[in-house]
Each structure stands twice: as C-alpha cells, then as structure tokens.
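Colleague: sequence plus predicted model, see below.
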Amino acid sequence: MADLAKLPVTVITGFLGSGKTTLVSHLMQNPGGKRLAVVVNEFGDVGVDGDILKSCAIPDCPAENIMELANGCICCTVADDFIPTIEALMALEPRPEHILIETSGLALPKPLLKAFDWPDIRSKITVDGVIALADAEAVSSGRFASDVAAVDAQRLADDSIDHETPLSEVFEDQISCADIILLTKPDLAGPEGVAKAKDMIAAKAPRPLPVVEVAEGVVDPRVILGLEAAAEDDMDARPSHHEDHHHHDDEDGDHHHHHDHSHDEFESIVVDIPELADPAQLVAAIERLANERNILRVKGYASVAGKPMRLLVQAVGARVRHQFDRPWQPDESRQGRLVVIGEHDDINRAAIEAVLGVSEPA
C-alpha cells in the first residue's frame with residue numbers, strides 16, 4: 001500500500017489517436033474530488049494537447065497545474081525537464097492531490113517508471129497506476145494505431161526515437177506495463193472487433209488485466225484513480241521488449257459534482273466481510289470475482305484471526321495487494337469492509353457476498 005505521504009501519479013499511455021487527451025480532459029472535469037495536476041509529453045504538433053487541456057481548466061485543475069514537456073521523451077530528459085516539472089507541481093499552493101502524466105504516443109512506459117526512481121523525487125511520489133489506452137478498431141485490425149501515418153510522422157519529429165521498433169512491440173510494452181486497459185472507440189470496432197481486440201490484449205498481457213470499454217473518454221474516476229499499484233516497486237512484473245536498451249538508445253472547489261451520465265455504467269457496493277483465518281482466503285475470493293464476475297476494483301480492510309493489526313486490501317482486477325497497516329483500536333469493531341466496483345451489469349450483491357463468504361450461495 002502506498003505511503004500516504006507520497007503524491008500519487010497516474011501514467012496514461014497509448015498511441016496517438018487512442019484517446020489520451022480526451023480521457024485526461026474528462027478526468028479534469030470529473031476528478032472524483034481530487035485536486036489534479038497534469039503533465040503532457042508530446043512531439044510534433046507541440047502544444048496542441050497542452051492547449052486543449054488548458055482550455056478545460058477548472059478550479060480543481062487550474063491552467064497553472066497543466067505543464068508541457070515538449071523537448072523529447074520524458075525518460076531522456078529526466079534531470080533537465082521531468083524532475084523540475086514534478087517539483088514545480090509539488091510546490092504549487094494548494095498542492096495537487098494527484099498528478100496525471102499523458103505520455104507521448106510512442107513512449108515506452110517502463111523507462112518512464114524508472115525515472116521515478118530518481119533520488120530527488122522517489123521519496124515524494126508514487127506511481128498510483130499505469131493506464132493503457134488501446135483503439136479497439138485499430139488493435140483488432142492489427143494496425144494498433146488508428147492513424148499509422150500520423151504515428152510515423154510523430155516518429156520522424158523526434159530524432160531520439162528508434163524508427164525501426166515495430167508498432168506491435170510498442171503496443172505490447174504498453175500493455176505489459178499496465179494495471180488496467182481502456183479499450184477506446186468500441187462503437188467503431190463493433191462487437192466482433194471489440195471481442196477480437198480483447199483476445200489480442202489477453203494474448204499479449206503478461207498477466208490477466210481488467211479491460212474496460214470507454215467511449216469519448218468517459219470513465220468513472222473510481223475505476224482508474226487510486227489504484228495504489230506502487231508501479232515503481234513492481235518493475236519485474238512488467239516485462240518489456242526493450243529491457244537492455246532504452247527505447248531511445250539510452251537506459252533510463254466543489255466542481256467534482258459535475259458528473260457525466262455515463263458514470264451510471266459503474267456501480268460500487270460496500271460489503272461487510274467476516275473475520276479471516278488466512279488472508280489467502282480473501283485473495284482467492286477476489287481473484288474469483290475478477291475472473292468470474294468481471295469485478296474491476298476491490299479496496300478496503302479485513303480482520304485476520306489472531307492478528308492485532310488491520311489488513312488493508314487493494315485489488316485491480318485479479319491483482320491483489322494486502323498488508324497490515326495499523327493496530328485495531330480498543331474501542332473499534334474488528335469488522336472487515338470492502339468497496340467493490342464494477343460495471344453496472346456485473347454488480348450482483350448476493351453473488352458477490354457469497355464469494356466473499358458473507359452468505360452461502362443459494
């Protein structure tokens with residue numbers, strides 16, 4: 001579980017045209033009560049994404065909280081650009097509560113994660129999660145990017161990019177590094193295209209990953225923020241085609257009530273759970289919920305028999321983290337409680353409670 005003193009950062013990857021800027025714009029308008037800051041890393045049409053996002057600025061994410069890095073890939077300019085930018089955001093008053101980083105479409109996420117290991121910032125920030133956007137139509141057709149010509153132009157705009165790297169490899173690296181996949185433009189792909197894209201993602205992913213269909217960047221912030229993945233401590237679980245050489249040949253307000261109607265697609269329920277004999281029981285139950293009922297997120301705490309400490313639990317799909325965080329207080333009921341989040345049609349309280357051991361299956 002992330003150190004509460006660290007500022008959480010969400011890394012958003014995906015090819016040019018996959019919908020990253022649209023997603024960030026939506027999160028800025030629907031930040032889930034968090035005061036956001038945004039870093040945009042772009043090449044080619046410098047300033048376009050930044051200008052778009054600045055036009056979306058609201059009190060919870062004012063224009064001064066939106067910073068652009070246009071001098072090349074973040075991981076090539078860590079000392080000169082990235083670290084000072086992060087430090088400048090952290091020095092803002094009031095301080096942001098969550099930072100979004102929209103990467104360049106051709107950026108490999110893993111070298112960026114390594115940038116978070118720099119001593120100047122390692123103790124101050126944590127990678128809350130890596131979100132990969134994938135264009136359903138482009139993936140299902142094997143192109144991976146919606147406009148291959150635009151992506152090729154983007155390659156040429158940045159001298160440091162390895163022009164020989166196949167798009168399929170960059171796509172696999174983005175998928176492999178992710179905690180959750182957002183499948184964009186599902187309407188253009190159609191049901192068959194979406195199914196094919198999901199199969200291709202499952203084949204490329206190093207572990208089962210939750211995949212959420214997202215149209216027009218509309219996704220409930222509860223689904224993708226607050227993952228507490230601590231990705232910078234979890235590099236080995238995120239394989240890359242480019243382990244031995246850097247992708248660039250180098251090692252590396254109350255406005256949150258403005259909700260979109262599509263948030264109704266997601267639902268959260270709170271489930272009280274009985275005391276556990278062993279945390280492994282709960283891990284197995286959450287994995288089952290992810291695999292059988294497509295549950296996206298589970299977070300909360302549990303009581304373990306014979307243990308004086310409370311067990312914190314955080315799951316993204318079938319990936320479950322847990323640790324004892326603090327002693328139960330003498331006047332506190334040792335009641336376990338979990339928040340379960342999924343798409344509306346997947347939330348069936350009786351079935352979920354049955355899996356979590358609250359009641360016997362009918």
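Modeller: Nice, thanks for sending it over. Residues are numbered from 1 along each chain as shown.

Colleague: can we go C-alpha only for contacts and neighbour counts from here?
Modeller: Noted.

Colleague: what's the first helix or strand after the helix or strand containing His322?
Modeller: Taking DSSP states H and E as the criterion, His322 maps to strand 319-327. Using DSSP H and E, the helix or strand that follows strand 319-327 in sequence is strand 336-343.

Colleague: where does this structure have low pLDDT?
Modeller: 1-4, 42-58, 69-80, 107, 143, 145-166, 241-264, 358-362 (pLDDT under 70).

Colleague: would you map the strands across it?
Modeller: Under the criterion DSSP state E, strands of the chain are mapped to 7-13, 36-41, 66-69, 98-102, 125-135, 180-184, 211-214, 266-273, 297-302, 309-316, 319-327, 336-343.

Colleague: quick one: closest of the ones you listed to Gly226.
Modeller: strand 125-135 (6.2 Å; CA to CA).

Colleague: direction included, what does that closest one pair up with?
Modeller: Under the criterion DSSP bridges, strand 125-135 sits next to strand 7-13 (parallel), strand 180-184 (parallel) in its sheet.

Colleague: next, the angle strand 309-316 makes with it.
Modeller: Put simply, strand 125-135 runs at 30 degrees to strand 309-316, going by axes from the mean of the first three to the mean of the last three CA atoms, to 10 degrees.

Colleague: give me the buried positions along strand 125-135.
Modeller: Ile125, Thr126, Val127, Asp128, Gly129, Val130, Ile131, Ala132, Leu133, Ala134, Asp135 (16 or more other CA atoms under 10 Å).

Colleague: including distance to Phe15, could those go into JSON lines?
Modeller: Shown next, in JSON lines, are the buried residues of strand 125-135 (distance: CA to CA, whole Å):
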{"residue": "Ile125", "distance to Phe15": "25"}
{"residue": "Thr126", "distance to Phe15": "24"}
{"residue": "Val127", "distance to Phe15": "20"}
{"residue": "Asp128", "distance to Phe15": "21"}
{"residue": "Gly129", "distance to Phe15": "18"}
{"residue": "Val130", "distance to Phe15": "14"}
{"residue": "Ile131", "distance to Phe15": "12"}
{"residue": "Ala132", "distance to Phe15": "9"}
{"residue": "Leu133", "distance to Phe15": "8"}
{"residue": "Ala134", "distance to Phe15": "7"}
{"residue": "Asp135", "distance to Phe15": "8"}
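
Colleague: wait, Lys114 sits on Asp233?
Modeller: No: between Lys114 and Asp233 there is no contact under CA atoms under 8 Å: 9.5 Å.

Colleague: who's more crowded, the two?
Modeller: Set Lys114 next to Asp233 and count neighbours by other CA atoms under 10 Å: Lys114 wins out with 17 against 14.

Colleague: sorry, back to before: for Asp345, find the nearest of the strands paired with strand 125-135.
Modeller: Of the strands paired with strand 125-135, nearest to Asp345 by CA to CA is strand 180-184, at 17.8 Å.

Colleague: leaving aside the residues next to it on the chain, what's closest to Phe15?
Modeller: Leaving aside its sequence neighbours, Phe15 sits nearest to Gly105 (CA to CA, 6 or more residues apart in numbering; 4.0 Å).

Colleague: about what we covered before: any idea which of the strands of the chain is most buried?
Modeller: Most buried of those, by mean neighbour count (mean count of other CA atoms under 10 Å): strand 125-135, with a mean of 27.
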